[in-house]
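Asker: coords please:
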Amino acid sequence: MTTLSRRQFLASAAAAPLALHPCFSRAAGRVITLIVPYPPGGSLDAMARVVAQGLGDLRGQSVVVENKPGFSGNIGAQYVVKGPADGSMLLMTALTTYAINASLMTKTMGYDLMKDLKHVAIVGDLPNVLIAPSSLPVQNLTEFVQYAKTKPGQLSYATTGVGSLEHIAGEMLCRAAGIEMLAVPYKGSTPGVQDLFGGLIQAMFVNTSTAINNLKTGRIRVLGIAGPATVAALPGVQTFSAQGVRMMNDVVSIFGIAAPAGTPQPVVDALNQDINKVLAAPEVHNRFSSLGVDVVTQPSEFAQDRVRREIAIWDKVIKTTGITLD
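Answerer: Down below sits the predicted model:
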């Protein structure tokens, strides 16, 4: 996962006090545990802490964030699917990664993304962008493609491992643009970005939050947005399609919240309504938007359908590109 300033999130994103949901008026004081399946300090962790703070304020009860990283986010998910199905155990989900895992790992994930989890809400969409070191003689994706074609196989791009979103995005770009690049795996995005700073790596897909934070250094350039639309926080940066590169699928990191499959639907619906209230609070909505997060406030049925569609989309992409973990 990519690094995001948790302090910046927490300092400005506390939701205004809201009325306690009547469905939970008897549950004041009960602790809700929100599991983050990645280490502290990443974008998913930071978003989870904002939601937890707002949800706790709204309900008048403690919402505790607990990090359980490992196995591409699957350790945390495995923990939640075995947890109490009463609304007291939730999972902050990196749904795009989980959808990719569902295709690449199949049964080795240790759970079924649709059967063992009930998806409560989609928190937000975070488009990914292609970045390059400022020292590279290109200003945008069009120029990067032209440059890469003069150096077939000589450019490299950073990934967070074989089968990661960055790896798949890079493969899609090479196919769509007719270029050759070498995928270089790193243990996380931070070392990849550091090598990109130094010019050892010529490109990398990162989410908009990471791009915005690193633009301040003056050491990177954002070449294009691999999502469906431009991002207000990145003025002047065009989408891939606007620059003539049409990949098999948009590269968007989708974040959500899920509960164990046996959680009663009224509990799920009440959680969904309260989470959406937190996300709609101006402080939260504006802060997320400033970092390129497209906040989503839809019912739980939307979340279930969105996850189902993501699994199908990425399964098709992976089969077409031929990427495997072997």
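Asker: Quick check: the gap between residue 39 and residue 158.
Answerer: The spacing between residue 39 and residue 158, counted by CB to CB, to the nearest Å, is 19 Å. C-betas here are computed from N, CA, C, even on glycine.
Asker: what does residue 181 give?
Answerer: Distance, residue 181 to residue 158, using CB to CB: 11 Å.
Asker: Now for these two: what residues contact both?
Answerer: A shared contact of residue 181 and residue 158, defined by CB atoms under 8 Å, 6 or more residues apart in numbering, is any residue touching both; here these are residue 203.
Asker: Between those two, tell me which one has more neighbours.
Answerer: More crowded of residue 181 and residue 158, by other CB atoms under 10 Å: residue 158, with 27 against 21.
Asker: That one is in what secondary structure piece?
Answerer: Assigning secondary structure by DSSP states H and E places residue 158 in strand 155-159.
Asker: Can you name every helix or strand that that strand contacts?
Answerer: Using 3 or more CB pairs under 8 Å, 6 or more residues apart in numbering; DSSP states H and E as the contact criterion, the elements in contact with strand 155-159 are helix 165-177, strand 181-185, helix 189-197, strand 203-207.
Asker: worst-scoring helix or strand of the chain, pLDDT-wise?
Answerer: Ranked by mean pLDDT, DSSP states H and E, the weakest helix or strand in the chain is helix 6-12, scoring a mean of 41.
Asker: did I read that right, residue 163 in a helix?
Answerer: No: membership of residue 163 in a helix is not supported by DSSP: H, G, I helix; E, B strand; the rest coil, which gives coil.
Asker: show me what contacts the closest residue to it other than its chain neighbours?
Answerer: Spatially, and ignoring its direct neighbours in sequence, residue 163 is nearest to residue 104 (4.7 Å; CB to CB, 6 or more residues apart in numbering). In this structure, residue 104 makes contact with 163, 318, 323-325, judged by CB under 8 Å, 6+ apart.
Asker: biggest separation within those residues, which pair?
Answerer: Looking at those by CB to CB, the two members farthest from one another are 318 and 325, with 10.2 Å of separation.
Asker: returning to that earlier point: just the angle between the strand holding residue 158 and helix 165-177, please?
Answerer: For strand 155-159 against helix 165-177, the angle by axes from the mean of the first three to the mean of the last three CA atoms, to 10 degrees is 140 degrees.
Asker: sorry, back to before: the more surrounded of residue 318 and residue 325?
Answerer: Set side by side, residue 318 and residue 325 show more neighbours around residue 318, with 19 against 10, by other CB under 10 Å.
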